[in-house]
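Undergrad: This is the structure alone, sequence omitted:
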């Protein structure tokens, strides 16, 4: 079987599994789990075989024209280079782990058949994006992921939070997709083709007429899909969906699609220095802002959500300095340890038996009660904090090294400004990442909250998956010497300067957070209520904390943010209140966009009802009144008709005489 045939089967198998699951899931329940797991596992095996055959060498290209479309053809095309092959393997690994994990996590869920089918369709769409060699075909997978995310985030549609989160995710990403679609058409018009290889060849020849405009339009869609500032606000709210969905979206599919797209078409963006600087600024704001927000969250899944936003900021930062090898390397390692973190959080939630106990301030004794989650999440958090020799250290240092390379003027494509922006923001984020990772570990596994109910040992399908993902989280960074052959040939080996700075800042962040936790814990033990006031600036801080606890939904589910043993409140000080609600971006968007649109809608409704409908009703009433008058004249009495005829004749005669007299 040829490599092209194998590559076609990779996205096709999960798609067929999704169709079969939707058709047969209700009628033959015994087939639901095999149809969910086996096609995805088969796709993983085939993706690994495609990667083995591709071997990081010459790209695999194949195309057939779907139908004549005029001057710009649309082709069913494959373009599989080294990083496409590896990203497909990552998608297959994470999707397979999620499907296996879900058989235990959602074993009693009545809507599991539709859930499993949607996850398979989601996986198929992402694999289509990864392997596609034509932008219009890529767009099909891009949009299928959007609608799947809507249904999966809203899986628990009985709750208002899930309904609102699914709608928000759909609308915010669509907001970015509109300019994205315009950018795709503009790019194809300039290049004369939707084919990726043709576009890249055209860029290499300097053939794009409007590179800056096209790049900025495309970045809008990337910001929405990959949850980058300012279109990142949907991702924390998406935690209302099932935890395995969060792992799939955050680790290997939807949010990775935007970054992958930029990596795929990086020469298009590199053709405009202005676009790279904009991308660098977007990455810097995303990295630092999301890390600060993660340090203030109490819900464990929201911490991980903001963490995902920040780590994606590292990816876009690497792309802003022109190094897609570093970006994709961090995409691979992040996919492994972030999937592990979410699935570990799912084990914690499942052990408690309720989604409401995701608040870290209410956790106690989890270290001994869920040992599998404790040990594997410890590995994942060390990788997230970029502590050597865990995988996150090597990939994050590759990003920082690329930024230093650009900042010192050694990059052929990226401006120095982009390098400095990414380097400074990346080092600051390394400090903050280690801080919130340490805080999560301390509060989740060493917390002093009330004793929560325990629902026994978790299914083996859930715990085994954690250990599977722990292996790449620990060891994937050791492939740093091999991966350059699969990418652009750029070295990914950590440099001394950024390694020392990054690791040193990470250690400082972790140790300072641990010290703050020891301080607040001791203070809370002596003065349970006074500790909050002392650490937040007196009575005002206490009032603020109680207000956040009272109005938890409005503050982004930070009901435990008033926990006196929370080191995040001590470290952030007055900034904590703003960071806990994502720096009020949702409120800002509501004031700038939502309320004006609602007011305009009310005005249109008023005009429609009171003005337009008035004319419509009047147009119908006038003939009705005329008809009623004519109807009254139709009595059926002949004498009446003759009398009316005579009267009319007399009137006409008198009128004629008057006219004649006036004329004389």
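TA: Done, it's in. All of these numbers come straight from a predicted model, not from anything done at the bench.

Undergrad: residues of stretch 423-443 that come out buried?
TA: Going by neighbour count (16 or more other CB atoms under 10 Å), the buried part of stretch 423-443 is 423, 425-443. (Each C-beta comes from the backbone N, C-alpha and C, glycine too.)

Undergrad: How about stretch 180-194?
TA: Using 16+ other CB under 10 Å as the test for burial, stretch 180-194 gives 180-184, 186-188, 190-191, 193-194.

Undergrad: Tell me which of the buried residues of stretch 423-443 fall in helices.
TA: 423, 425-443 (DSSP state H).

Undergrad: from the buried residues of stretch 180-194, which is closest to residue 295?
TA: residue 180 (31.5 Å; CB to CB).

Undergrad: tell me the SS of that closest one?
TA: Judged by DSSP: H, G, I helix; E, B strand; the rest coil, the three-state class of residue 180 is helix.

Undergrad: Would you map the helices across the stretch 451-600 of the chain?
TA: In the stretch 451-600 of the chain, helices defined by DSSP state H, counting those that start in this stretch lie at 460-475, 496-526, 530-535, 539-550, 567-572, 575-580, 585-589, 595-607, listed in chain order.

Undergrad: Can you add mean pLDDT and give the ones you listed back as a markdown table?
TA: Listed next are the helices of the stretch 451-600 of the chain as a markdown table, based on pLDDT from 0 to 100:
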| stretch | mean pLDDT |
| --- | --- |
| helix 460-475 | 94 |
| helix 496-526 | 91 |
| helix 530-535 | 43 |
| helix 539-550 | 34 |
| helix 567-572 | 91 |
| helix 575-580 | 93 |
| helix 585-589 | 91 |
| helix 595-607 | 91 |
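
Undergrad: Next one: the nearest residue to residue 61 once chain neighbours are set aside from residue 130, what distance?
TA: Leaving aside its sequence neighbours, residue 61 sits nearest to residue 79 (CB to CB, 6 or more residues apart in numbering; 5.5 Å). Distance of residue 79 to residue 130, computed by CB to CB, to the nearest Å: 10 Å.

Undergrad: who has more neighbours, the two?
TA: Remark: of residue 79 and residue 130, residue 130 carries more neighbours, 31 against 22, as counted by other CB atoms under 10 Å.

Undergrad: Surely the more buried one touches residue 91?
TA: Yes. Contact status for residue 130 versus residue 91: in contact at 6.5 Å, counting by CB atoms under 8 Å.

Undergrad: Not including adjacent chain positions, what is the nearest residue to residue 485?
TA: residue 56 (4.6 Å).

Undergrad: unless I'm mixing things up, the one you found is touching residue 486, no?
TA: Yes. With contact defined as CB under 8 Å, residue 56 reaches residue 486; the gap is 3.7 Å.

Undergrad: Mind listing what's buried along the helix or strand hosting the residue nearest to residue 61?
TA: In the assignment (DSSP states H and E), residue 79 maps to strand 74-80. Of the residues in strand 74-80, 74-75, 77-80 count as buried by neighbour count, 16+ other CB under 10 Å.

Undergrad: most tightly surrounded among the helices of the stretch 451-600 of the chain?
TA: Mean neighbour count, computed with mean count of other CB atoms under 10 Å, is highest for helix 567-572 among the helices of the stretch 451-600 of the chain, reaching a mean of 25.

Undergrad: Closest to residue 470 out of the buried residues of strand 74-80?
TA: Among the buried residues of strand 74-80, and counting by CB to CB, the member closest to residue 470 is residue 80, at 28.7 Å.

Undergrad: And for the nearest residue to the closest one once chain neighbours are set aside, the neighbour number?
TA: Nearest residue to residue 80, sequence neighbours excluded (CB to CB, 6+ apart): residue 60, at 4.2 Å. Other residues lying near residue 60 total 21 when counted by other CB under 10 Å.

Undergrad: from memory residue 60 sits against residue 2, does it?
TA: No. Look at residue 60 against residue 2 with CB under 8 Å: they stay out of range, at 9.3 Å.

Undergrad: tell me which element the closest residue to residue 180 other than its chain neighbours is part of?
TA: Nearest non-adjacent residue to residue 180, counting by CB to CB, 6+ apart: residue 221, 2.4 Å away. Using DSSP H and E, residue 221 sits in helix 211-225.

Undergrad: Can you name the element that comes right after that helix?
TA: Note on helix 211-225: by DSSP H and E, the next helix or strand toward the C-terminus is helix 234-237.

Undergrad: And the contacts of that next one?
TA: 161, 164-165, 168-169, 172-173, 227, 250, 255, 293, 297, 302, 305-306, 308-309, 556, 582 (CB atoms under 8 Å, 6 or more residues apart in numbering).

Undergrad: where exactly do the strands run in the protein?
TA: 60-67, 74-80 (DSSP state E).

Undergrad: so the longest one versus strand 74-80, what angle?
TA: When you say that, I think you mean strand 60-67. Orientation check (axes from the mean of the first three to the mean of the last three CA atoms, to 10 degrees): strand 60-67 against strand 74-80 gives 170 degrees.

Undergrad: and strand 60-67, average pLDDT?
TA: Mean pLDDT, computed over strand 60-67, is 84.

Undergrad: The residue nearest to residue 180 and residue 256, how far apart?
TA: Taking CB to CB as the measure, residue 221 falls 14 Å from residue 256.

Undergrad: which of the two has more neighbours?
TA: Counted by other CB under 10 Å, residue 221 and residue 256 do not tie: residue 256 has more neighbours, with 30 against 27.

Undergrad: Tell me the confidence at the more buried one?
TA: Reported pLDDT at residue 256 in the predicted model: 90.

Undergrad: Show the pLDDT at residue 48.
TA: Residue 48 is assigned a pLDDT of 96 by the prediction.

Undergrad: actually residue 451, not the one I wrote
TA: The model reports residue 451 with a pLDDT of 57.

Undergrad: next one: the one 5 residues further on
TA: The pLDDT attached to residue 456 in the predicted structure is 59.

Undergrad: sorry, back to before: go ahead and build a PyMOL selection from the buried members of the contacts of helix 234-237.
TA: A single PyMOL command selects the buried members of the contacts of helix 234-237 (16+ other CB under 10 Å):
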select buried, resi 161+165+168+169+172+173+227+250+255+293+297+302+305+306+308+309+556+582
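
Undergrad: Contact partners for the closest residue to residue 121 other than its chain neighbours?
TA: The shortest distance from residue 121 to any non-neighbouring residue, by CB to CB, 6+ apart, is to residue 18 (4.0 Å). Neighbour list for residue 18: 117-118, 120-121, 124 [criterion: CB under 8 Å, 6+ apart].

Undergrad: From residue 179, how far off is residue 18?
TA: Shown here: residue 18 relative to residue 179, a distance of 30 Å by CB to CB.

Undergrad: likewise residue 372?
TA: 45 Å.

Undergrad: okay but residue 300 is in contact with residue 348, surely?
TA: Yes. Between residue 300 and residue 348 a contact is recorded at 7.0 Å, counting by CB under 8 Å.

Undergrad: what's around residue 649, how many residues?
TA: 10.

Undergrad: While we're on it, how confident is the model there?
TA: pLDDT recorded at residue 649 is 90.

Undergrad: Kindly report the same for residue 632.
TA: Residue 632 is assigned 72 on the pLDDT scale.

Undergrad: do the same with residue 240
TA: At residue 240, the pLDDT value in this model is 88.

Undergrad: next one: residue 15
TA: According to the predicted model, the pLDDT of residue 15 comes to 96.

Undergrad: doesn't residue 126 make contact with it?
TA: No. The pair residue 15 / residue 126 is not scored as a contact, 11.4 Å apart, by CB under 8 Å.

Undergrad: Which one's more surrounded, those two?
TA: Neighbours around residue 15 and residue 126, counted as other CB under 10 Å, are more numerous at residue 126. The numbers are 32 against 19.

Undergrad: which residues touch that one?
TA: 91, 95, 141, 145, 252-254, 256-257.
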